[in-house]
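A.B. asks: Mind looking at a prediction? Sequence and model below.
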Amino acid sequence: MNKQTRREFLKKIGLVAGLAALPSCVSGGRSSRKTAERPNIIFIMADDHASHAMGCYGSRINKTPNLDRIAKDGMRFENSFCTNSICAPCRAVILTGKHSHINGLIDNAVKFDGSQQTFPKLLQKAGYQTAMIGKWHLKTDPTGFDYWNILPGQGVYYNPNMIEMGERKKYTGYVTDIITDHALDWLKKRDTEKPFCLMCHHKAPHRSWEPGPKHLTMYDDVTIPEPATLFDDYAGRGRAAKEQDMSIEKTMTATDLKLTAPKNLTPEQKKDWDAAYNPKNEAFRKADLQGKDLVRWKYQRYIKDYLRCIASVDDNVGRLLDYLDSAGLAENTVVFYTSDQGFYLGDHGWFDKRFMYEESLRMPLLVRYPREIKARSVNKDLVQNLDFAETFLDFAGVEAPQDMQGESLRQILRGKTPRRWRKSIYYHYYEYPAVHSVKRHYGVRTERYKLIHFYNDIDEWELYDMRRDPRELKTLYNDPAYAKITEQLKTELKRLREKYKDNTGAPV
Ligand SMILES: [Ca+2]
């Protein structure tokens, strides 16, 4: 029975609304009561965690043993991309399964319209218990959750305020630990008769990369390898890459570099902080660095703090996984790990995200669900955050509404890529003029090529052949040898803009 007929059949026998009450739903066509239970969902998301800082993605710079557990027992996606590489827009796309121009949240300045359809609301309606804990960043209160406890705005790393169902409370401690504590508390107190969907969304490793008390001196005795493009001069690209304001050399502040301590530490935390940073700062003051040496020092300073924040995320993901094991929930829980987008880890001399270049376009994506996903699988299909809503609904046996724009990943997770899976992805970034000065652009990426159109106060195109130039150092736009490819990509870009109903920005 296909999805539509099954739905009609259920409707006929009056079971659609009652699905929630059924301990064994027919989803997946399994017969036994036990295997047909609807799975729980834990959706863990970090903020700005690039996949090249994860062990299972081959990181040269850190280890993430707990995240690797998810990859080892499940599937790792090699080609997972965001639609708009910035915090709030990415979250809105995930919630709605719709591109930014449709859900309305095109940049970080816009408030999310929480009255619209989202996957948590649909899961809730289908009988799931839903919870949202951690970074929300959408400016309006969460909707579609039985329980929510969120950081206000970006939140802070130490001693954060959180807003629990509308009530603001202050906590002492480190944000990644505190978010996980709340997630574990909620899991322990939940109604065990119902399936659940828990969103555990971390602030880390977002700027300004303040490490937790356990990791303040981690990496002190090592030098982290530099990326190949740390001293990129952007000679092969257009104005957008040259005119950004997100470089390690020029943009980083004293706070970013921990030349000043965070203001909100308790006396005890301040003592630990000073013990870790004062000697490092003293050594810097004596060194009198300039030019490339100074960039190198800043890079070490930045990347070590970034990785220290990730070490805490990794520890805390381990705590959640351990709980699932001890509570007997590991088999029947879909565990998702991702980040709202990638990040520049000194690549091209940058930090931050926004550009459609690979480092920030890519999202790590690991999914574990032993009942359907083979251990240690690796997938190369082109997938996006646009697909998550429909994937969660599919696992819950809820039919995705027609107006969602992604595709369920469930068949891919089962190792069976649908025959007509997409061959290209669409991207559109809007936040300009704004912090970091990354110009507005949209584009298309296929397995091999990428075509980007920068517009607004500029009209420039860039084309990359990622097989020959994986670091995207030289645009091939206007290269006669690539004229035919360029035309094909423009046609594809037009098709995608029509498909996704995007008439914002300059025409192709
Ligand atoms: Ca982010």
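C.D. replies: That came through, no problem.
A.B. asks: so who does the residue nearest to Gly58 when sequence neighbours are not counted touch?
C.D. replies: Distance criterion CB to CB, 6 or more residues apart in numbering; nearest residue to Gly58, sequence neighbours excluded, is His52 at 7.6 Å. For the C-beta atoms, the positions are set from N, CA and C on the backbone; glycine is no exception. Going by CB atoms under 8 Å, 6 or more residues apart in numbering, His52 touches 58-61, 342, 345, 359.
A.B. asks: The ion: which of these is nearest?
C.D. replies: Nearest to the ion among those: Gly342, at 9.2 Å, using CB to the ion.
A.B. asks: rewinding a little: which one of the contacts of His52 sits in the busiest neighbourhood?
C.D. replies: In terms of neighbours by other CB atoms under 10 Å, the contacts of His52 top out with Gly342 at 27 neighbours.
A.B. asks: Let's have the contacts of His52 in CSV, adding pLDDT and distance to the ion.
C.D. replies: Shown next, in CSV, are the contacts of His52 (pLDDT from 0 to 100; distance: CB to the ion, whole Å):
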residue, pLDDT, distance to the ion
Gly58, 98, 22
Ser59, 98, 19
Arg60, 98, 22
Ile61, 98, 19
Gly342, 98, 9
Leu345, 98, 14
Glu359, 98, 13
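A.B. asks: Return the residues of this structure in contact with the ion.
C.D. replies: 47-48, 87, 340 (CB under 5 Å from the ion).
A.B. asks: redo that, cut-off 8 Å
C.D. replies: 47-48, 86-87, 90, 206, 339-341, 343, 353 (CB under 8 Å from the ion).
A.B. asks: In helices, which of those appear?
C.D. replies: The helices, defined by DSSP state H, take in 87, 90 from the residues of the chain next to the ion.
A.B. asks: Neighbour-wise, which one of the residues of the chain next to the ion leads?
C.D. replies: Ser339 (31 neighbours).
A.B. asks: what lines up beside the helix or strand harbouring Ile44 in the sheet?
C.D. replies: Following DSSP states H and E, one finds Ile44 within strand 40-46. In the sheet containing strand 40-46, its partner strands are strand 196-201 (parallel), strand 333-339 (parallel), by DSSP bridges.
A.B. asks: Rebuild those strands as a markdown table, extending it with mean pLDDT.
C.D. replies: Putting these into a markdown table (pLDDT from 0 to 100) gives the following:
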| stretch | mean pLDDT |
| --- | --- |
| strand 196-201 | 98 |
| strand 333-339 | 98 |
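A.B. asks: Please produce TSV containing those, extended by distance to Gln117.
C.D. replies: Listed next are the strands paired with strand 40-46 as TSV, based on distance: least, CB to CB, whole Å:
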stretch	distance to Gln117
strand 196-201	15
strand 333-339	20
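A.B. asks: can you give me the helices for the chain?
C.D. replies: Under DSSP H, the chain gives helices at 3-12, 65-73, 87-96, 100-103, 119-125, 175-189, 239-243, 267-287, 291-326, 358-361, 388-395, 410-413, 483-499.
A.B. asks: export the last one as PDB, just CAs?
C.D. replies: In this case it means helix 483-499. The C-alpha trace of helix 483-499 is given here as PDB (Å, rounded to 0.1, in the frame of the first residue of the first chain):
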ATOM      1  CA  ALA A 483      30.400  28.100 -21.200                       C
ATOM      2  CA  LYS A 484      28.100  25.100 -21.800                       C
ATOM      3  CA  ILE A 485      28.200  24.000 -18.200                       C
ATOM      4  CA  THR A 486      27.400  27.600 -17.100                       C
ATOM      5  CA  GLU A 487      24.400  27.700 -19.400                       C
ATOM      6  CA  GLN A 488      23.200  24.300 -18.100                       C
ATOM      7  CA  LEU A 489      23.600  25.500 -14.500                       C
ATOM      8  CA  LYS A 490      21.700  28.700 -15.200                       C
ATOM      9  CA  THR A 491      18.800  26.700 -16.600                       C
ATOM     10  CA  GLU A 492      18.900  24.500 -13.500                       C
ATOM     11  CA  LEU A 493      19.000  27.500 -11.300                       C
ATOM     12  CA  LYS A 494      15.900  29.000 -13.000                       C
ATOM     13  CA  ARG A 495      14.100  25.700 -12.700                       C
ATOM     14  CA  LEU A 496      14.900  25.500  -8.900                       C
ATOM     15  CA  ARG A 497      13.800  29.100  -8.400                       C
ATOM     16  CA  GLU A 498      10.500  28.200 -10.100                       C
ATOM     17  CA  LYS A 499      10.100  24.900  -8.200                       C
END
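A.B. asks: Could I get the buried residue list for it?
C.D. replies: Across helix 483-499, burial judged by 16 or more other CB atoms under 10 Å covers 485-486, 489-490, 492-493, 496-497.
A.B. asks: Does that helix pack against any helices or strands, and if so which?
C.D. replies: strand 424-429, strand 441-446, strand 449-454, strand 460-465 (3 or more CB pairs under 8 Å, 6 or more residues apart in numbering; DSSP states H and E).
A.B. asks: what's the closest of the ones you listed to Thr180?
C.D. replies: Minimum separation from Thr180 across these (CB to CB) falls at strand 424-429, 31.1 Å.
A.B. asks: Who does that closest one pair with, and is each partner parallel or antiparallel?
C.D. replies: Strand pairing for strand 424-429, determined by DSSP bridges: strand 441-446 (antiparallel).
A.B. asks: mean confidence for the partner strand?
C.D. replies: When pLDDT is averaged along strand 441-446, the result is 98.
A.B. asks: Any chance you could list what contacts stretch 467-483?
C.D. replies: So stretch 467-483 is contacted by 228-229, 232, 236-238, 347, 357-358, 448, 450-451, 461-466, 486 (CB under 8 Å, 6+ apart).
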